[in-house]
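Asks: The sequence and its predicted three-dimensional model are supplied below.
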2 protein chains.
Amino acid sequence: MTEPATEPRATAGPRRRRRSVGELVEAARAGDPRAVARLISLVENAAPVLREVAAALVPYTGQAQVLGITGAPGVGKSTCTSALVTTYRRQGLRVGVLAVDPSSPFSGGALLGDRVRMQDHATDPEVFIRSMATRGHLGGLAWATPQAVRVLDAAGCAVILVETVGVGQSEVEVAALADTTLVLLAPGMGDAVQVAKAGLLEVGDIYVVNKADRDGSERVSRDLRHMLALGERPDGAWTPPIVPSVATTGEGIDAVVQAATAHEAHGRETGELTRRRTRRARAEIEALALVDLRRRLDRLPRDRRLDTLTERVLAGELDPYRAADELVAEMVGDSGMP
Amino acid sequence: MTEPATEPRATAGPRRRRRSVGELVEAARAGDPRAVARLISLVENAAPVLREVAAALVPYTGQAQVLGITGAPGVGKSTCTSALVTTYRRQGLRVGVLAVDPSSPFSGGALLGDRVRMQDHATDPEVFIRSMATRGHLGGLAWATPQAVRVLDAAGCAVILVETVGVGQSEVEVAALADTTLVLLAPGMGDAVQVAKAGLLEVGDIYVVNKADRDGSERVSRDLRHMLALGERPDGAWTPPIVPSVATTGEGIDAVVQAATAHEAHGRETGELTRRRTRRARAEIEALALVDLRRRLDRLPRDRRLDTLTERVLAGELDPYRAADELVAEMVGDSGMP
């Protein structure tokens, strides 16, 4: 799904011009990988048409199951993702993959074995694979990824796998993004204690102990079980299963898929899925509103009002907190906001 | 300047009760180190009286010269800071030190030699030393340090040294905070190329090549001079001097102080000092306003309006950008803001 710089010129007729957003969304819905790639690029680059894209996509979203895959570097996230794609493809489902892990082979930086394995899927027209830029002034995952998920959702993917590196805050973000969060562990790296330290005991819906053919994998499962048992869960809440796997051979991956399907069914029955999606949409709206407010503040230096406030602070007449109050009051007026 | 948990109980009379903010500011202005420590703690912990503290301080601020000291770990920032304190004390000036470097000996984590040297100043009633917490949900340096600088300014410090580690964004922050920014280099670590990569060629007003008695220090100076020459500066702009020093013996520190004094004089003559302070105050007001706006948004989930918008996004009727627009419109009204 490498995006051509422009629409192909060799073809005659209407394809010679750039397609409109509406045409791109129609083509993406029909499964055109170039249209999907182009829409994700527009979203990722915060193109001027971003709002138009968002508006055109939203009627066709909400169908896909979004699986987040996280864990420490080296536990086998990419291999597991690839094995999951294989399993879902056997079920005849269209699959999307978003790699937000900068060390992911999809992003171009890892073991040849994984890369070759993923190349198989790259020629499958029912698999959309995209690596997301994790940098950018708006903070990568937080801003572009939800929109990229919507593109893949509108493109008819039944399952969207979002792979992210288990470092820093991104786990929490992927948990906020996903319907079902898979936390990967492996003997030696990303063991149960590390998972606990990274705050992943709270976010996992399914724990996958990968490299289960290696020494120490049973100990990882046992430690994890003990730690999970320490947390209190309300009655009727989902109990995260611990699934052993050997992603390189595909062993255990069917069981992971079964667990993911069971988790989704549980979420639908209990209303938890809707609650999660509501939380997610609400957080996204708030985040976008904050970006807008920041932009409005950034524009203020040209405003004489801020100049006056600044002068008064420098003259010792006004402290910066009071000045900020006046600025905000000016912005929000007396609209009775909290 | 270790702060007692409460005001001392052994003393009789009015000191038995906690002093009011007004009393603390009066005591700080008279040079009482306990009052200074208490005010910085109130600022650092974002105490409920933070606004009262800010308002009480502002009339007494704007007198101190704020020197930022930054550079890679190991170049000798703390030793240099200590040597600068000695030099300013010889001039009879009251000095404040804020260490925002978590590896600083003032923060309690470094070489015994430095620590012993700094202990000399710790018993000097005309030197206020404080290490600032760099963590915290509001982002350490950005929020608390400008207020801590105001406390030291109001306490009559003629010079305030703000030492920060040269990693990540903090250099840029310290440059934004300071009237004069000292960038430290040393042979072997923090050489000219590293300084360029860290974006420090743009922010330094004075470059100090420390450990000038070591091999390679002349090369560091030469490389730096070449790189600085590549940047274009407008006519009449300050030309950053390169000053060699051996902070452990105090060699060259007088020249650093002379350069800092010359930079301040140049800033006063050209109006650059006022421009910097204006930019700084403006940025602080905007940052505080943004915190306030974020807080207002964080409170919104209880608002039925956001619930409705979220439901409409989930139903595919509205995209999140449009929902954010409506939310912001609700907040800012039609006040004609940009």
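Replies: That came through, no problem.
Asks: what's the distance between A:Y60 and chain B?
Replies: Counting by CB to the nearest CB, to the nearest Å, the gap between A:Y60 and chain B amounts to 7 Å. For the C-beta atoms, the positions are set from N, CA and C on the backbone; glycine is no exception.
Asks: mind listing what the residue in the stretch 1-150 of chain A positioned nearest to chain B touches?
Replies: For the stretch 1-150 of chain A, the residue positioned closest to chain B under CB to the nearest CB is A:A54, at a distance of 3.8 Å. Contacts here follow CB atoms under 8 Å, 6 or more residues apart in numbering or on different chains; on that basis A:A54 touches A:V43, A:Q147, A:R150, B:D319, B:P320, B:Y321, B:R322.
Asks: Pull out the buried positions in the host helix or strand of A:R268.
Replies: With elements delineated by DSSP states H and E, A:R268 resides in helix A:253-270, which encompasses its position. Judged by neighbour count (16 or more other CB atoms under 10 Å in any protein chain shown), helix A:253-270 contains these buried residues: A:I253, A:A255, A:V256, A:V257, A:A259, A:A260, A:H263, A:E264, A:H266, A:G267.
Asks: do stretch A:59-67 as well
Replies: By neighbour count on 16+ other CB under 10 Å, the buried set for stretch A:59-67 is A:Y60, A:T61, A:A64, A:Q65, A:V66, A:L67.
Asks: Let's have those residues in TSV, adding distance to B:V95.
Replies: Formatted as TSV, the entries for the buried residues of stretch A:59-67 read as follows, by distance: CB to CB, whole Å:
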residue	distance to B:V95
A:Y60	65
A:T61	60
A:A64	62
A:Q65	62
A:V66	56
A:L67	58
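Asks: and which of those is nearest B:L98?
Replies: A:V66 (45.5 Å; CB to CB).
Asks: Pretty sure that closest one sits in a strand.
Replies: Yes. Under the criterion used here (DSSP: H, G, I helix; E, B strand; the rest coil), A:V66 sits inside a strand.
Asks: these two touch, right, it and A:E163?
Replies: No. The pair A:V66 / A:E163 is not scored as a contact, 11.8 Å apart, by CB atoms under 8 Å.
Asks: Name the residues that touch the helix holding A:R268?
Replies: With CB under 8 Å, 6+ apart as the test, helix A:253-270 has contacts from A:65, A:67, A:80, A:83-84, A:86-88, A:179-180, A:182, A:205-206, A:208, A:236, A:238, A:241, A:243, A:245, A:247, A:272-273, A:276.
Asks: With just CA atoms, put it into PDB.
Replies: What follows is helix A:253-270 as a C-alpha-only set of coordinates in PDB (Å, rounded to 0.1, in the frame of the first residue of the first chain):
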ATOM      1  CA  ILE A 253      -3.000 -17.700  17.500                       C
ATOM      2  CA  ASP A 254      -6.400 -19.400  16.800                       C
ATOM      3  CA  ALA A 255      -7.000 -19.300  20.600                       C
ATOM      4  CA  VAL A 256      -6.000 -15.600  20.600                       C
ATOM      5  CA  VAL A 257      -8.600 -14.900  17.900                       C
ATOM      6  CA  GLN A 258     -11.200 -16.900  19.800                       C
ATOM      7  CA  ALA A 259     -10.500 -14.900  22.900                       C
ATOM      8  CA  ALA A 260     -10.800 -11.600  21.000                       C
ATOM      9  CA  THR A 261     -14.100 -12.700  19.500                       C
ATOM     10  CA  ALA A 262     -15.300 -13.700  23.000                       C
ATOM     11  CA  HIS A 263     -14.200 -10.300  24.400                       C
ATOM     12  CA  GLU A 264     -16.200  -8.500  21.700                       C
ATOM     13  CA  ALA A 265     -19.300 -10.600  22.400                       C
ATOM     14  CA  HIS A 266     -19.000  -9.900  26.100                       C
ATOM     15  CA  GLY A 267     -18.600  -6.200  25.400                       C
ATOM     16  CA  ARG A 268     -21.800  -6.200  23.300                       C
ATOM     17  CA  GLU A 269     -23.800  -8.100  25.900                       C
ATOM     18  CA  THR A 270     -22.800  -6.000  28.800                       C
END
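Asks: Now the element after that helix, going C-ward?
Replies: Counting by DSSP H and E, the next helix or strand C-terminal to helix A:253-270 is helix A:272-298.
Asks: Quick one: name whatever helix or strand follows that next one.
Replies: The C-terminal neighbour of helix A:272-298 among helices and strands, as given by DSSP H and E, is helix A:304-314.
Asks: Now do that following helix and helix A:272-298, the angle between them.
Replies: Here helix A:304-314 points in a direction 80 degrees away from that of helix A:272-298 (axes from the mean of the first three to the mean of the last three CA atoms, to 10 degrees).
Asks: Please list the residues outside helix A:304-314 that contact it.
Replies: A:300-301, A:318-320, A:323, A:326-327, A:330, B:58, B:62, B:274, B:277-278, B:281-282, B:284-286.
Asks: Please list the residues outside the next helix or strand after that helix that contact it.
Replies: Towards the C-terminus, the helix or strand next in line after helix A:304-314, according to DSSP H and E, is helix A:320-332. Outside of helix A:320-332, the residues that reach it under the criterion CB under 8 Å, 6+ apart are A:293, A:296-297, A:300, A:305-306, A:309-310, A:312-313, B:50-51, B:54-55, B:146, B:281, B:284-286, B:288-289, B:291-293, B:296, B:331-333, B:335, B:337.
Asks: Now a PyMOL select for only the buried ones of those residues.
Replies: In PyMOL, this line selects whichever of the contacts of helix A:320-332 come out buried by 16+ other CB under 10 Å:
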select buried, (chain A and resi 293+296+297+300+306+309+310+312+313) or (chain B and resi 50+51+54+55+146+281+284+285+286+288+289+291+292+293+296+331+332+333+337)
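Asks: how many neighbours does A:G231 have?
Replies: 9 (other CB atoms under 10 Å in any protein chain shown).
Asks: mind listing what it touches?
Replies: Under the criterion of CB under 8 Å, 6+ apart, the contact list for A:G231 reads A:L201, A:E202.
Asks: Ok, A:D215 next?
Replies: With contact set as CB under 8 Å, 6+ apart, A:D215 has these partners: A:P187.
Asks: Please give the element, helix or strand, for it.
Replies: Taking DSSP H and E as the definition, one finds A:D215 inside no helix or strand.
Asks: Check it and give its pLDDT.
Replies: Per-residue confidence for A:D215 comes out at a pLDDT of 93.
Asks: any idea how far chain B is from it?
Replies: In this structure, A:D215 and chain B are 38 Å apart, going by CB to the nearest CB.
Asks: mind pulling up the phi and psi values for that residue?
Replies: Note on A:D215: its backbone torsions stand at phi -60, psi 140 [degrees, to the nearest 10].
Asks: One more: A:V183?
Replies: In this entry, A:V183 is assigned phi and psi values of phi -110, psi 120 (degrees, to the nearest 10).
Asks: between the helix holding A:R268 and helix A:272-298, how many degrees?
Replies: Helix A:253-270 runs at 80 degrees relative to helix A:272-298, counting by the same axes, to 10 degrees.
Asks: ok, back up a step: list just the nearest of the contacts of A:A54 to B:L24.
Replies: When the contacts of A:A54 are ranked by distance to B:L24 (CB to CB), B:P320 comes first, at 46.8 Å.
Asks: need the strands for the stretch 101-250 of chain A, in chain order.
Replies: The residue ranges that make up the strands of the stretch 101-250 of chain A, judged by DSSP state E, counting those that start in this stretch, are A:127-131, A:159-163, A:180-185, A:206-209, A:242-244.
Asks: got these as JSON lines, with mean neighbour count and mean pLDDT columns?
Replies: Rendered in JSON lines, the data for the strands of the stretch 101-250 of chain A read as follows (neighbours: other CB atoms under 10 Å in any protein chain shown; pLDDT from 0 to 100):
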{"stretch": "strand A:127-131", "mean neighbour count": "22", "mean pLDDT": "86"}
{"stretch": "strand A:159-163", "mean neighbour count": "27", "mean pLDDT": "93"}
{"stretch": "strand A:180-185", "mean neighbour count": "28", "mean pLDDT": "94"}
{"stretch": "strand A:206-209", "mean neighbour count": "26", "mean pLDDT": "96"}
{"stretch": "strand A:242-244", "mean neighbour count": "20", "mean pLDDT": "97"}
